[in-house]
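**Q** this is the structure alone, sequence omitted:
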């Protein structure tokens, strides 16, 4: 089974505690069975890469020199055999990463790349929730869902890339009370019976688009 081990993020380690996360002295934020490693703004911004367990490195896209596989349709990827961490307790009530959002201009191409390494598409839906219609295709990597978003008709040849993170919390109202005006208005989520609130991440010094969701049935 393919599982998500670690997400590398170019955020300063002192920014995530402002959003109620517990961060270890070395910049490690342990969320459920996933490590989020905060490496500072010196390396850029947003999500830089991820590591996956259970993937054959030979199935990853190779670099320009034909060396070891380094990506999935342009998404920087490494292979890990490190055991899952012990989850931390977070003041904001986060218990796990609900989903990682990946954006692509070409849904069939990126879906094929995921399926080639062993991540099977669970379902696809079309939505216009955020304006122009687009597709959402869902994959599962252990406890985490990968949500691939993009136009129904391919719109370019650019690589796929990370878009943001959504976290499941114990009590969304308590999270909203803790974060105050740093969290946007909570509303019904696309998933039946769940609610969601979007973090005003720049307000707390983060660069990753972030949302918090109430508990609920599995989305896939």
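**A** That came through, no problem. Not measured: the values here are computed from a predicted model.
**Q** partner strands of the worst-scoring helix or strand of the chain on mean pLDDT and their direction?
**A** In the chain, the helix or strand scored least confidently by mean pLDDT, DSSP states H and E is strand 61-62, which has a mean of 80. Paired neighbours of strand 61-62 in the sheet (DSSP bridges): strand 69-72 (antiparallel).
**Q** ok, and what's touching the very next helix or strand once past the partner strand?
**A** Next along the chain after strand 69-72, taking DSSP states H and E as the criterion, comes strand 75-79. Defining contact as Cβ atoms under 8 Å, 6 or more residues apart in numbering, one finds that strand 75-79 is touched by 48-53, 55-57, 60, 69-71, 102, 159-162. The C-beta positions use only the backbone N, C-alpha and C, and glycine is treated the same way.
**Q** can you check stretch 127-143 too?
**A** 1-4, 32-34, 52-53, 96-97, 99, 107, 111, 114, 119-126, 145-152, 190, 219-220.
**Q** from the residues you listed, which ones fall inside strands?
**A** Those of the contacts of stretch 127-143 mapping onto strands are 3-4, 34, 52-53, 96-97, 99, 123-126, 145-150, per DSSP state E.
**Q** the longest helix in the protein is where?
**A** Determined from DSSP state H, the single longest helix within the chain is helix 107-117.
**Q** for that helix, buried residues please.
**A** Neighbour-count burial for helix 107-117, counted by 16 or more other Cβ atoms under 10 Å, picks out 107, 109, 110, 111, 113, 114, 117.
**Q** so what's the fifth one up against?
**A** The neighbourhood of residue 113, defined by Cβ under 8 Å, 6+ apart, consists of 61, 72, 73, 160.
**Q** residue 18 looks like it's in a strand, true?
**A** No: when the secondary structure is assigned by DSSP: H, G, I helix; E, B strand; the rest coil, residue 18 falls in helix instead of a strand.
**Q** what's the burial count for the closest residue to it other than its chain neighbours?
**A** With sequence-adjacent residues excluded and distances taken as Cβ to Cβ, 6 or more residues apart in numbering, residue 18 is closest to residue 204, at 3.9 Å. Residue 204: 20 surrounding residues under other Cβ atoms under 10 Å.
**Q** please apply the same query to the one 3 residues further on.
**A** Summarising burial for residue 207: neighbours were counted as other Cβ under 10 Å, giving 17.
**Q** ok, now residue 43?
**A** Neighbourhood size, residue 43 [other Cβ under 10 Å]: 11.
**Q** wait, doesn't it sit right on residue 10?
**A** Yes: if you go by Cβ atoms under 8 Å, residue 43 and residue 10 touch, sitting 4.5 Å apart.
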